[in-house]
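**Q** predicted model and sequence below, questions to follow.
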Amino acid sequence: MNKRLFKSTAGVTLIELLIALVVSAILVAGIYRVFIHQQRTYRTQEDVADMQQNVRVAINRMIREIRMAGFGGKNENTNGNNDIINVFGNVNTFTSIINPANDVTVDGIIHDQITLLAAYDQIATLEEDVVAGSNSFKVNFTGNTRFDQPWRKYVCINGRNSYAIIPAGGDTLTLEGGGTLNENHSAGEPVFLVRAIRYGLRMDNGTSVLFRDLYPATGGSQRVTVAENIEALQFRYVLADSSEVDTPGDPRQVRGVRVTLTARTQMSDPELKTGGGFRRRTLVTYIDLRNLRDETP
């Protein structure tokens, strides 16, 4: 009986072992391929979501600031003569509220730019009541910015009355050229800096980005990145006669702006064979310029 036990041939042959290894390898390879595909799909979906969020943030900021163009007066926009231009003539050399620039090339990117004028930044409040006819007024600053440079002499009180002041670092502001206040103003009313803001595209570390240019900031420009991976930017303009053009002959006739913005994903998708493998989204929106509507007689 013991001899039979020792002579038993039951077990796994080498061929069976090889077959098992081959089957296991096929199963592992299949599972790995499914895993890699799911990882790529997840990464692509995440990249697309980031791109969509990115382009929405970019266009929402532009919508907000383009819509504000011309803010800083009583909306008495007769024949395109906005209050800001009526008072100042120009703001840092810009003589129109809307200043288009089509087919501009920056860092090799051909795109459209737009420069806007408005009382964008509240930087102070009135310290005390002042009456019409006064030549100066005192303010309480809310931050570090002062009306202390020639490019910061454009002041708007309460979003209604604009005045050119003599640049000064202190809290007492004197109107330029012996001018006087048009209306009574109360303590606590907001005091704004009227300035120019420009939007366009440029390259930053090899990436096409949407920039916002505070012009001028310190005698020059200060460009900040609003959104990355923005490939195309186009502006079209709706005029007072309802026509729509790429370049208005008279910027004073602009009453609305149509913005087209194209963004792409940060990383390419190996499964996408066109467009370099990058997925893209284009958003188009129309912005009514509420401060540039024609005054009703």
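**A** Thanks, I have it.

**Q** CA atoms for contacts and neighbours, from now on please.
**A** Fine.

**Q** need the longest strand for this protein.
**A** With residue count as the measure and DSSP state E as the assignment, the chain has strand 109-126 as its longest strand.

**Q** what's around Glu76, how many residues?
**A** Close neighbours of Glu76, defined as other CA atoms under 10 Å, add up to 18.

**Q** equivalent analysis for Val22, please.
**A** Val22, neighbours per other CA under 10 Å, totals 12.

**Q** how much space separates it from Ala29?
**A** Look at Val22 and Ala29: by CA to CA, to the nearest Å, they are 10 Å apart.

**Q** on that earlier part again, and the longest strand of the chain, average pLDDT?
**A** Strand 109-126 shows a mean pLDDT of 95 in the predicted model.

**Q** quick one, the next helix or strand after it and strand 109-126 angle?
**A** Using DSSP states H and E, the helix or strand that follows strand 109-126 in sequence is strand 136-141. Strand 136-141 runs at 110 degrees relative to strand 109-126, counting by axes from the mean of the first three to the mean of the last three CA atoms, to 10 degrees.

**Q** ok, what's across the strand from Gln222?
**A** With DSSP bridges as the criterion, Gln222 is bridged to Leu214.

**Q** wait, it sits on Leu214?
**A** Yes: judged on CA atoms under 8 Å, Gln222 makes contact with Leu214 at a distance of 5.3 Å.

**Q** neighbour-wise, which of the two wins?
**A** Per other CA under 10 Å, whichever of Gln222 and Leu214 has more neighbours is Leu214, with 18 against 14.

**Q** quick check: that one touching Tyr199?
**A** No: Leu214 lies out of contact with Tyr199 (CA under 8 Å); the separation is 9.2 Å.

**Q** low-confidence regions, the stretch 151-297 of the chain specifically.
**A** Applying pLDDT under 70 to the stretch 151-297 of the chain flags the ranges 216-221, 270-273, 275, 295-297.

**Q** hmm, 50 instead?
**A** Low-confidence segments of the stretch 151-297 of the chain (pLDDT under 50): 297.

**Q** in space, what's closest to Val91 - neighbours in sequence excluded?
**A** Closest residue to Val91 apart from its sequence neighbours, by CA to CA, 6 or more residues apart in numbering: Arg195 at 6.8 Å.

**Q** which phi and psi values does the one you found adopt?
**A** phi -150, psi 170 (degrees, to the nearest 10).

**Q** any idea how far it is from Cys156?
**A** From Arg195 to Cys156 the distance is 10 Å (CA to CA).

**Q** now do the shared contacts for the two.
**A** Taking CA atoms under 8 Å, 6 or more residues apart in numbering as the criterion, Arg195 and Cys156 both touch Ala119.

**Q** what helices or strands is the helix or strand hosting Arg64 leaning on?
**A** Following DSSP H and E, one finds Arg64 within helix 14-67. Contact here means 3 or more CA pairs under 8 Å, 6 or more residues apart in numbering; DSSP states H and E; on that basis helix 14-67 packs against strand 222-228, strand 254-264, strand 280-288.

**Q** what's the most buried one of those?
**A** strand 254-264 (a mean of 22; mean count of other CA atoms under 10 Å).

**Q** and the closest residue to Ile157 other than its chain neighbours, how many neighbours?
**A** Leaving aside its chain neighbours, Ile157 sits nearest to Val191 (4.6 Å; criterion: CA to CA, 6+ apart). Residue neighbour count, defined by other CA under 10 Å, stands at 24 for Val191.

**Q** my read: Val191 touches Leu126, true?
**A** Yes: the criterion here is CA under 8 Å, and Val191 meets it with Leu126 at 6.8 Å.

**Q** joint contacts of these two?
**A** Common neighbours of Val191 and Leu126 (CA under 8 Å, 6+ apart) are Val139.

**Q** please report how far the residue nearest to Val91 lies from Ile157.
**A** Where Ile157 is concerned, Arg195 sits at a distance of 14 Å (CA to CA).

**Q** now do Met267
**A** On the measure of CA to CA, Met267 and Ile157 end up 48 Å apart.

**Q** which one of those two has more residues nearby?
**A** Ile157 (22 against 13).

**Q** now stretch 97-113, how far from the centre of its chain.
**A** Distance of stretch 97-113 from the chain centroid (CA atoms, centre = their mean, to the nearest Å) equals 15 Å.

**Q** likewise stretch 174-193?
**A** Taking mean C-alpha positions (CA atoms, centre = their mean), stretch 174-193 and its chain are 31 Å apart.

**Q** same question for stretch 64-72.
**A** For stretch 64-72, the distance to the chain centre is 13 Å (CA atoms, centre = their mean).

**Q** sounds good, over and out.
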